[in-house]
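Peer 1: Quick one: sequence plus predicted model below, questions after.
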Amino acid sequence: MNGLRVVAVALLCCLSLVAGVPVAADGAQASTATEHGESNVVSADNTTGYLAVSDGDPDRTATTDSQLDVAAAVAGRTASIRVRSTEIALQKAVRNAENETERRAAVRRAADRISARIDRLERRERNAVGRYADGDSTDTQFVRTLAVIDTEARKTDGAVAELHRQNSRLDTPVLTQQEIASFRARLLPLYGPVRQQLAEATETGEGNRVYIETEDADIALATVDDPEFDDPQYVREAHVRDARGPAAPSDFDAEDVERRFGELYPWASENQDGGIQIGRYGGRPHVFTTAGVWPLDVGHTHAATTPGLVLFFDGSTEDVFREFQFNDPSLVPTTTVENETAGGDLRLVVETTRAGGPLGVAVVDNETDERVDATVDVNGEPVGSTDGERLWTVGPHGDVTVNATHDGRTISVETRLD
């Protein structure tokens with residue numbers, strides 16, 4: 001079992017059948033229009049909405065394996081050491097300082113180094129997404145870059161926490177809360193639960209298939225954690241850059257956040273389970289709101305974990321610019337597509353949602369009505385075994401062919417996910 005116990009769930013898909021028998025269809029997608037104008041949040045019937053990075057016709061999509069990557073693992077460790085050296089240098093400088101002026105100077109130097117590091121990470125990530133969307137880098141190159149950036153961004157966020165501690169110990173802090181908050185807010189788009197799995201896989205070689213979708217400089221990633229276990233979890237993360245405004249306080253408050261949450265995610269708002277938290281995310285310092293970022297996390301009845309939905313609202317645009325979803329794929333509404341062997345003794349059952357959403361595969365013995373073990377490939381790429389149960393993976397974009405092989409016989413279903 002890998003470190004991510006997450007699952008985000010799929011929203012409903014526009015699905016057209018090419019071959020196979022559709023058993024049930026569920027809802028259509030629509031972007032959420034509010035008094036603030038069109039939002040990038042897409043609504044779905046009978047499950048939570050999601051932050052979309054395109055209008056259904058993205059610049060580029062792919063489904064690829066997270067995998068062992070020695071070069072990326074070494075780069076990530078090297079970046080971690082560099083960040084840690086900044087923390088150690090700050091602690092040493094403060095400890096050896098002879099007066100308040102020297103301590104203030106040490107904190108300011110560390111802040112300048114951290115700011116420069118975040119500048120580099122932001123440029124590298126934006127360039128990587130843009131190059132990938134334009135077709136100028138491969139899936140492997142892109143995933144490697146995201147993995148290394150994730151590792152360094154997480155470590156840098158820890159360095160910001162140390163910077164905050166040292167700054168708060170000064171008689172007169174040299175950094176404002178807004179500066180600290182701005183550092184944390186700028187790092188938010190650079191790390192995420194799917195990226196973390198990519199980073200972990202570079203060292204362990206144990207990863208799952210990842211769906212990638214890019215549009216201009218925006219990106220969505222999705223995966224299924226532990227797809228062959230009894231409790232698979234689907235996780236999705238998305239970032240829409242234009243929904244983020246200036247890093248400054250605004251009149252937006254907790255009451256406004258909860259109201260906007262209800263407007264943009266009505267199903268999740270009405271089907272809460274486990275409570276709602278506004279204004280805090282991760283460890284201390286809890287200063288995001290000073291930079292105009294309002295985190296919200298909430299549990300709901302399709303979630304695999306608590307929280308099942310983590311949102312980051314911008315106080316000036318009043319829209320969501322960053323989103324994490326963690327859902328149970330078995331609880332999400334799906335469209336079922338089936339096909340049988342020529343003799344009718346075996347049946348392939350494929351549960352679909354949408355491109356980038358969870359896709360479930362099972363093979364059933366029609367005589368006993370029990371599931372049997374089968375190896376599965378999607379569009380020619382092996383994804384695992386059903387192990388006599390249902391295998392969950394992420395659905396690719398466009399035409400999809402699912403093949404399942406049991407006892408030397410292969411059954412296929414063809415469909416389309418948009």
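Peer 2: Received the coordinates, thanks.
Peer 1: List the pairing partners of the helix or strand harbouring residue 411 within its sheet, with orientation.
Peer 2: Here residue 411, judged by DSSP states H and E, is contained in strand 409-417. The strands beside strand 409-417 in its sheet (DSSP bridges) come out as strand 15-19 (antiparallel), strand 398-406 (antiparallel).
Peer 1: among those, which gets the worst mean confidence?
Peer 2: For those, the weakest mean pLDDT is recorded on strand 15-19, namely a mean of 31.
Peer 1: and stretch 281-294, how far from the chain's centre?
Peer 2: 19 Å (Cα atoms, centre = their mean, to the nearest Å).
Peer 1: now swap in stretch 286-303 and tell me
Peer 2: Distance, stretch centre to chain centre, for stretch 286-303: 15 Å (Cα atoms, centre = their mean).
Peer 1: how deep is residue 254 tucked in, by neighbour count?
Peer 2: Using other Cβ atoms under 10 Å, residue 254 is surrounded by 12 other residues. In short, each C-beta sits where N, CA and C put it, glycine included.
Peer 1: Let me see the contact set for it.
Peer 2: Going by Cβ atoms under 8 Å, 6 or more residues apart in numbering, residue 254 touches 278-279, 294.
Peer 1: Can you read off the pLDDT for it?
Peer 2: pLDDT for residue 254: 93.
Peer 1: what's the answer for residue 97, then?
Peer 2: Here, the pLDDT recorded for residue 97 equals 96.
Peer 1: Can you tell me the closest non-neighbouring residue to it?
Peer 2: residue 103 (4.3 Å; Cβ to Cβ, 6 or more residues apart in numbering).
Peer 1: what's the distance between that neighbour and residue 408?
Peer 2: Counting by Cβ to Cβ, to the nearest Å, the gap from residue 103 to residue 408 is 73 Å.
Peer 1: Over to residue 182?
Peer 2: 60 Å.
Peer 1: What count of nearby residues applies to residue 375?
Peer 2: Residue 375 is flanked by 16 other residues according to other Cβ under 10 Å.
Peer 1: got the contact list for it?
Peer 2: Shown in contact with residue 375 (Cβ under 8 Å, 6+ apart): 382, 384-386, 404-405.
Peer 1: Tell me what the spatially most central residue of the chain is bridged to.
Peer 2: In the chain, the centroid-proximal residue (Cα atoms, centre = their mean) is residue 237; its distance is 1.9 Å. Going by DSSP bridges, residue 237 is paired in beta bridges with residue 221, residue 324.
Peer 1: hang on, the earlier thing: which of residue 182 and residue 408 has more neighbours?
Peer 2: residue 182 (23 against 5).
Peer 1: Can you report phi and psi for that one?
Peer 2: Here is the backbone geometry of residue 182 (degrees, to the nearest 10): phi -60, psi -40.
Peer 1: Please apply the same query to residue 82.
Peer 2: phi -60, psi -40.
Peer 1: where does it land on pLDDT?
Peer 2: pLDDT at residue 82 comes out at 93.
Peer 1: Counting neighbours, what do you get for it?
Peer 2: So residue 82, with other Cβ under 10 Å, has 15 neighbours.
Peer 1: Can you give me every residue that contacts it?
Peer 2: Shown in contact with residue 82 (Cβ under 8 Å, 6+ apart): residue 152.
Peer 1: hmm, try it at 6 Å
Peer 2: Residue 82 makes contact with no residue under the criterion Cβ atoms under 6 Å, 6 or more residues apart in numbering.
Peer 1: Kindly report the same for residue 157.
Peer 2: The contact partners of residue 157, taken as Cβ under 6 Å, 6+ apart, are residue 187.
Peer 1: what's the distance between residue 311 and residue 75?
Peer 2: The spacing between residue 311 and residue 75, counted by Cβ to Cβ, is 31 Å.
Peer 1: how distant is the longest helix along the chain from the center of its chain?
Peer 2: Ranked by residue count and defined by DSSP state H, the top helix of the chain is helix 100-133. Mean-position distance between helix 100-133 and its chain equals 23 Å (Cα atoms, centre = their mean).
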